[in-house]
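A.B. asks: model the following, please.
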Amino acid sequence: MRTARRPRRNPAGVVEQLGDSVTRIRPGDHVLISFDSCGWCVCCLSGAPAHCAEFEARNVTGRRTDGSTGAVASEGTDIANRWFGQLSFAEYSIATQRNLVIVDRDLPP
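C.D. replies: Residues are numbered from 1 along each chain as shown. Purely as a prediction, here's the structure:
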């Protein structure tokens with residue numbers, strides 16, 4: 001997804017591409033990126049994803065839930081780059097559909 005021109009902690013953007021398993025987001029959707037959640041724990045299933053059983057692992061470690069990262073420094077060390085389930089201080093972002101909130105297309109990205 002292409003994010004707004006200026007980096008910010010709570011990013012917004014327009015979806016450009018989707019993964020194969022994405023079902024509720026479409027290319028062209030205007031979205032805000034929020035925190036990530038598992039989607040299947042008791043809290044997530046009861047509509048309280050902010051209390052997700054995996055909240056810490058998904059949002060404050062900078063890593064995927066399996067401990068891996070999606071970036072490597074030039075010397076080969078892992079870079080923790082997945083804060084709040086996404087990384088948005090760039091022209092493009094990668095996020096899960098659970099942490100995208102669709103907003104009105106008339107709003108600026």
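
A.B. asks: apart from its chain neighbours, what residue comes closest to Ala80?
C.D. replies: Gly62 (2.7 Å; Cβ to Cβ, 6 or more residues apart in numbering). (Glycine included, C-beta is placed from N, CA and C.)

A.B. asks: any idea of the pLDDT on that neighbour?
C.D. replies: pLDDT, Gly62: 84.

A.B. asks: and the nearest residue to Ala73 once chain neighbours are set aside, what's its pLDDT?
C.D. replies: Excluding the flanking residues, the one nearest Ala73 by Cβ to Cβ, 6+ apart is Ile79, at 5.4 Å. At Ile79, the predicted lDDT confidence score is 85.

A.B. asks: cool, the one 10 residues further on as well?
C.D. replies: In this model, Phe89 is scored at 66, pLDDT.

A.B. asks: likewise the one 4 residues further on?
C.D. replies: You'll see Ser93 listed with a pLDDT of 80.

A.B. asks: and it, how far is that from Ile102?
C.D. replies: According to Cβ to Cβ, to the nearest Å, Ser93 and Ile102 sit 15 Å apart.
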